[in-house]
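**Student:** Below are the sequence and a predicted model; questions follow.
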Amino acid sequence: MTDNIVLKEGETKMRKPRRRSFADLVLENKHQILKDEAAMEKIEARLEEKRLNKAE
């Protein structure tokens, strides 16, 4: 996928969008999960189950 950059009127240049780093992708994923209550509940349930299994 490319973006168009307008240099002068009627003149454009094609360029590739900046590749995001792994850290940027992880941060974006974290923000999406924090906004999604169903995903948060699922994660919390898994953690709680793991803690209960370790306590036994």
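**Tutor:** Structure's in. What do you need? Residues are numbered from 1 along each chain as shown.

**Student:** where does this protein have low pLDDT?
**Tutor:** Scanning the chain with the threshold set as pLDDT under 70 gives 1-16.

**Student:** Would you map the strands across it?
**Tutor:** Using DSSP state E, the strands of the chain run over residues 3-8, 11-15.

**Student:** The protein: helices as residue ranges?
**Tutor:** 22-35, 37-55 (DSSP state H).

**Student:** Using CSV, lay out these together with mean neighbour count.
**Tutor:** Where you see a C-beta, it was placed from the backbone N, CA and C, and this is true even at glycine. Output for those, formatted as CSV (neighbours: other CB atoms under 10 Å):
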stretch, mean neighbour count
helix 22-35, 10
helix 37-55, 10
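
**Student:** Stretch 25-34: how far from the chain's middle?
**Tutor:** 4 Å (CA atoms, centre = their mean, to the nearest Å).

**Student:** contact partners of that stretch?
**Tutor:** 20, 39, 40, 43 (CB atoms under 8 Å, 6 or more residues apart in numbering).

**Student:** Show the contacting residues for the second one.
**Tutor:** Residues in contact with residue 39, defined by CB under 8 Å, 6+ apart, are residue 33.

**Student:** and what of the last one?
**Tutor:** Contacts were defined as CB under 8 Å, 6+ apart; by that measure residue 43 touches residue 33.

**Student:** Please apply the same query to the third one.
**Tutor:** Taking CB under 8 Å, 6+ apart as the criterion, residue 40 is in contact with 33, 34.

**Student:** Against residue 18, how distant is it?
**Tutor:** 30 Å (CB to CB, to the nearest Å).

**Student:** now swap in the last one and tell me
**Tutor:** Residue 43 sits at a distance of 30 Å from residue 18 (criterion: CB to CB).

**Student:** Contacts only, for residue 36.
**Tutor:** Residue 36 touches nothing, counting by CB under 8 Å, 6+ apart.

**Student:** With residue 46 instead?
**Tutor:** Contacts of residue 46 by CB under 8 Å, 6+ apart: none found.

**Student:** Kindly report the same for residue 42.
**Tutor:** So residue 42 contacts nothing (CB under 8 Å, 6+ apart).

**Student:** The same query, at a cut-off of 10 Å, please.
**Tutor:** Residues counted as contacts of residue 42 (CB atoms under 10 Å, 6 or more residues apart in numbering) are 33, 36.
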